[in-house]
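In: here is the input, now give the coordinates:
(3 chains)
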Amino acid sequence: MSLLKRRFFARPVLEVAPELIGKYLVHQVGDETLSARIVEVEAYAGPEDQASHARFGPTPRAKIMFGPAGMAYVYLIYGMYDCFNIVTGTDGEASAVLVRGVAVASRSTGSGSSPLPGKTNGPGKLCRVLGITRKHNGLDLTTGVPLGIHDRKEPPPSLTATPRIGVDYAGEWASRPWRWVEAGPR
DNA sequence: ATCCAGATGGTC
DNA sequence: ACCATCTGGATA
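Out: Sure thing, here's the model as predicted:
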């Protein structure tokens, strides 16, 4: 397991997002390590992208998207759920990847390991299961502590691209195929 | 299986 | 007023 460095994230979001499928999201909480394989992501680009939080410019909430890549962007949605994003792109170029789904999550301590809900779908549930909240907003993921993205020597998964979820307000931008899912058994 | 209302609070 | 959502209950 190798920790992904800033160089990986500091590229165009449409390049980074699909490559994040199959990577591992690892969260150290106390003496426990929660890890999960990323299986679903969405790309959100700069101010032009009418589905992106960056469309209003660097507001207090979205300003993190305009900063350096490799930072966590966690926001509250619908008053009760948190959503976890990874900032991408070069500094000043706003973009981020929303992590919507993980699989083969596991919890491990010094003594042993136990499976977590083998599957999660939806960004809110994901944060719930992995214990990610707005307190993690602005965290540098490239340090790996307490949160990081790791690579693993595995064959690249095959992907399916679809429009993004829940962005019908975004006009023509809503139909762009900027959501990627690991192609799985039917 | 699908449909839908309600919860709940930050953001613009 | 509007959400990058989820749940439980109703319907079929």
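
In: can you classify the residue with the largest distance to the centre of chain A as helix, strand or coil?
Out: Largest separation from the mean C-alpha position in chain A: A:S111, at 29.1 Å (CA atoms, centre = their mean). On the three-state scheme (DSSP: H, G, I helix; E, B strand; the rest coil), A:S111 is labelled coil.

In: please list the residues of chain A that sit near DNA strand C.
Out: Applying CB under 7 Å from any atom of the strand, we find that chain A lies next to DNA strand C at A:42, A:44, A:51-54, A:65, A:73, A:77-81, A:83, A:85, A:96, A:98, A:121-126, A:164-167, A:169. The way it works is simple: take the backbone N, C-alpha and C, and place the C-beta from them, glycine included.

In: return the subset of those lying in strands.
Out: Members of these lying in strands (criterion: DSSP state E): A:42, A:44, A:73, A:77, A:81, A:83, A:85, A:96, A:98, A:121.

In: quick check: closest non-adjacent residue to the second one.
Out: What it means is A:Y44. Excluding the flanking residues, the one nearest A:Y44 by CB to CB, 6 or more residues apart in numbering is A:S52, at 4.1 Å.

In: now, among the ones in strands among the residues of chain A next to DNA strand C, which is nearest to DNA strand B?
Out: A:I77 (6.6 Å; CB to the nearest atom of the strand).

In: my guess is that closest one contacts A:F84. True?
Out: No. A:I77 lies out of contact with A:F84 (CB atoms under 8 Å); the separation is 10.9 Å.

In: quick one on the thing from earlier: now, of the ones in strands among the residues of chain A next to DNA strand C, which are buried?
Out: A:42, A:44, A:73, A:83, A:85, A:96, A:98 (16 or more other CB atoms under 10 Å).

In: residues near A:F56, how many?
Out: Neighbourhood size, A:F56 [other CB atoms under 10 Å]: 10.

In: check it and give its pLDDT.
Out: The per-residue pLDDT reported for A:F56 equals 98.

In: I figured it hits A:A62, correct?
Out: Yes. Counting by CB under 8 Å, A:A62 is a contact partner of A:F56 at 6.8 Å.
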